[in-house]
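1. Okay, sequence plus prediction incoming.
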Amino acid sequence: MLNLAEGVGRETRPDQRRFYSIAFGSLRECQAILDLSYPNTDTIELLDKLAAHLYKLIQSRKG
């Protein structure tokens with residue numbers, strides 16, 4: 001969440017994309033931790049949807 005907020009505050013698209021990509025990686029890390037410690041398909045599906053939104057956000061900043 002913090003990387004998304006920081007990305008919004010950046011002026012250039014490459015800077016924004018960088019922070020959004022970091023947020024995407026962090027989301028996948030959290031997803032892996034949750035999958036190992038608390039496997040719940042509803043949570044995994046929700047995180048997959050969030051990852052899809054982040055992916056589209058990253059793609060929209062490619063220029």
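-> The structure has been received and is ready for your questions. Numbers count the residues shown, from 1 in each chain.
2. residues in contact with the most centrally placed residue in the chain?
-> Residue closest to the mean C-alpha point of the chain, counted by CA atoms, centre = their mean, is residue 24 at 2.7 Å. Counting by CB atoms under 8 Å, 6 or more residues apart in numbering, residue 24 makes contact with 51, 54, 55, 58. All C-beta atoms are positioned from the backbone trio N, CA, C, and that covers glycine.
3. same check, this time on residue 19
-> Taking CB under 8 Å, 6+ apart as the test, what residue 19 contacts is 3, 4, 6, 7, 10.
4. do the same with residue 14
-> residue 61.
5. what about it, which helix or strand?
-> helix 13-37 (DSSP states H and E).
6. how far out from the middle of the chain is that helix?
-> With CA atoms, centre = their mean, to the nearest Å as the basis, helix 13-37 stands 4 Å off its chain's centre.
7. buried residues in the following helix or strand past that helix?
-> Counting by DSSP H and E, the next helix or strand C-terminal to helix 13-37 is helix 41-60. Neighbour counts using 16 or more other CB atoms under 10 Å place 47, 54, 57, 58 of helix 41-60 among the buried residues.
8. Then stretch 4-19?
-> 4, 6, 7, 16, 17, 18, 19.
9. Excluding residues flanking it in the chain, which one is nearest the last one?
-> This points to residue 19. residue 7 (3.2 Å; CB to CB, 6 or more residues apart in numbering).
10. And the one you found, what's its pLDDT?
-> We have a pLDDT of 91 for residue 7.
11. before we move on, what about residue 44?
-> pLDDT, residue 44: 86.
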